[in-house]
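In: just coords:
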């Protein structure tokens with residue numbers, strides 16, 4: 001895939017101004033922007049800038065409500081259930097970007113963070129032919145040195161955003177990712193995505209593929225655990241009923257745990273950090289150069305971005321230009337005169 005590189009402050013300015021043009025406040029726009037660009041900085045391109053067109057379409061269609069206000073519907077001294085009323089995900093509801101962003105918010109306060117979300121159904125359960133669960137990611141972040149333990153992964157083989165990236169690149173999907181509407185393996189990103197939107201069958205495999213031989217039932221089960229912590233615990237809409245009849249309905253779950261309930265937080269952090277270093281120092285497989293612990297690659301990615309800029313797919317840049325034109329923004333004032341060939345790319349405003 002062809003990419004262009006932009007300095008972070010340029011993208012922050014553009015995205016922040018774009019969401020203000022949609023009608024969000026400056027502070028709200030800054031929050032949304034930070035979540036999106038954090039994904040790109042971590043190398044999670046499927047949930048960064050390339051999501052702009054999806055949010056744009058959601059706002060225009062009413063799937064995302066600009067003026068939504070959160071409402072506490074159940075509360076105890078240690079918990080709360082909040083109705084987000086289909087607001088912008090990074091603020092109160094709907095698609096909220098990378099799950100790990102919210103888990104790391106807890107780490108910044110010295111806590112253990114856990115974040116889950118369901119989504120529009122894209123996961124085909126083991127032995128089924130129709131998507132019934134979302135990508136249903138699970139994110140956990142724990143204080144450690146020299147950087148936090150940071151695990152953030154979907155319970156599907158890949159996310160829907162990854163299929164969108166392959167469609168943009170006009171590439172076939174790798175074997176073992178997706179199923180057609182009959183429940184058979186498919187490498188056609190366009191067809192799989194079309195069927196997901198139409199709820200016509202097929203979708204993305206759970207972690208482990210589509211059979212029990214390599215553990216499909218485990219990925220399916222992990223997805224169910226996330227569903228329990230998001231839509232079931234909140235009495236919300238399950239994945240198979242989200243994005244229907246003009247309503248989003250995505251549900252999230254957030255847990256912040258104080259390690260002090262188990263003992264000295266500093267001692268626990270040191271104990272965990274020692275174990276993480278032992279993992280990195282473990283004997284390496286033949287041909288392997290390095291063993292990573294979760295969160296290490298993200299930390300390295302941030303350093304690359306600071307040096308080289310944020311990589312953005314060329315077709316995503318074209319979508320950004322179209323969105324800017326639609327919102328009455330001067331695209332060149334942010335990025336200069338970029339030569340973009342739009343002749344073979346259909347407009348998201350057609």
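Out: Thanks, I have it. Model, not experiment: these values are computed from the prediction. Residues are numbered from 1 along each chain as shown.
In: Quick one: distance of stretch 264-275 to the chain centre.
Out: Taking C-alpha atoms, centre = their mean, to the nearest Å, the mean C-alpha location of stretch 264-275 is offset from the chain mean by 29 Å.
In: ugh, wrong one, stretch 193-205
Out: Centre-to-centre, stretch 193-205 and its host chain are 18 Å apart (C-alpha atoms, centre = their mean).
In: again with stretch 130-138
Out: On C-alpha atoms, centre = their mean, the centre of stretch 130-138 falls 13 Å from the chain's centre.
In: any idea of the mean pLDDT for that stretch?
Out: Average pLDDT, stretch 130-138: 97.
In: End to end on it, go ahead and measure it.
Out: Length of stretch 130-138, first residue to last, C-alpha to C-alpha, to the nearest Å: 22 Å.
In: quick one, what contacts residue 13?
Out: Residue 13 makes contact with residue 334 under the criterion C-beta atoms under 8 Å, 6 or more residues apart in numbering. C-betas here are computed from N, CA, C, even on glycine.
In: what does the model give the most centrally placed residue in the chain for pLDDT?
Out: Nearest to the mean C-alpha position of the chain, counting by C-alpha atoms, centre = their mean, stands residue 98 at 3.4 Å. Note on residue 98: pLDDT of 95.
In: and it, what does it touch?
Out: Per C-beta under 8 Å, 6+ apart, neighbours of residue 98: 35, 38, 39, 42, 44, 47, 137, 139, 152.
In: where does it land in three-state SS?
Out: Classification of residue 98 using DSSP: H, G, I helix; E, B strand; the rest coil returns coil.
In: Is residue 257 in contact with residue 109, as I believe?
Out: No - the criterion here is C-beta atoms under 8 Å, and residue 257 misses it with residue 109 at 11.1 Å.
In: Between these two, which has more neighbouring residues?
Out: residue 257 (14 against 10; other C-beta atoms under 10 Å).
In: So what's the residue count around the residue nearest to that one when sequence neighbours are not counted?
Out: Spatially, and ignoring its direct neighbours in sequence, residue 257 is nearest to residue 112 (4.2 Å; C-beta to C-beta, 6 or more residues apart in numbering). Residues near residue 112, counting by other C-beta under 10 Å, number 21.
In: And residue 112, how close does it get to residue 139?
Out: 11 Å (C-beta to C-beta, to the nearest Å).
In: Now for the residue lying closest to residue 280 once chain neighbours are set aside: which residues touch it?
Out: Spatial nearest neighbour of residue 280, excluding adjacent residues (C-beta to C-beta, 6+ apart): residue 291 at 5.3 Å. Shown in contact with residue 291 (C-beta under 8 Å, 6+ apart): 279, 280, 281, 282, 284.
In: What subset of these is buried?
Out: With neighbours counted by 16 or more other C-beta atoms under 10 Å, those contain no buried members.
In: of the residues you listed, closest to residue 262?
Out: residue 279 (20.9 Å; C-beta to C-beta).
In: For the stretch 251-350 of the chain, which segments count as strands?
Out: For the stretch 251-350 of the chain, the strands defined by DSSP state E, counting those that start in this stretch occupy 252-257, 310-313.
In: May I see the buried residues of the first one?
Out: So that's strand 252-257. Under the neighbour-count criterion of 16+ other C-beta under 10 Å, strand 252-257 has 252, 253, 254, 255 buried.
In: As JSON lines, these with pLDDT and distance to residue 271 would be great.
Out: What follows is those, written out as JSON lines (pLDDT from 0 to 100; distance: C-beta to C-beta, whole Å):
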{"residue": "252", "pLDDT": "97", "distance to residue 271": "30"}
{"residue": "253", "pLDDT": "97", "distance to residue 271": "27"}
{"residue": "254", "pLDDT": "98", "distance to residue 271": "25"}
{"residue": "255", "pLDDT": "98", "distance to residue 271": "21"}
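In: ok, of these, which one's closest to residue 169?
Out: residue 252 (29.9 Å).
In: before we move on, back to that, which pair in the contacts of residue 291 spans the largest distance?
Out: 279 and 284 (11.4 Å).
In: count of neighbours near residue 166?
Out: Counted with other C-beta under 10 Å, the neighbours of residue 166 add up to 23.
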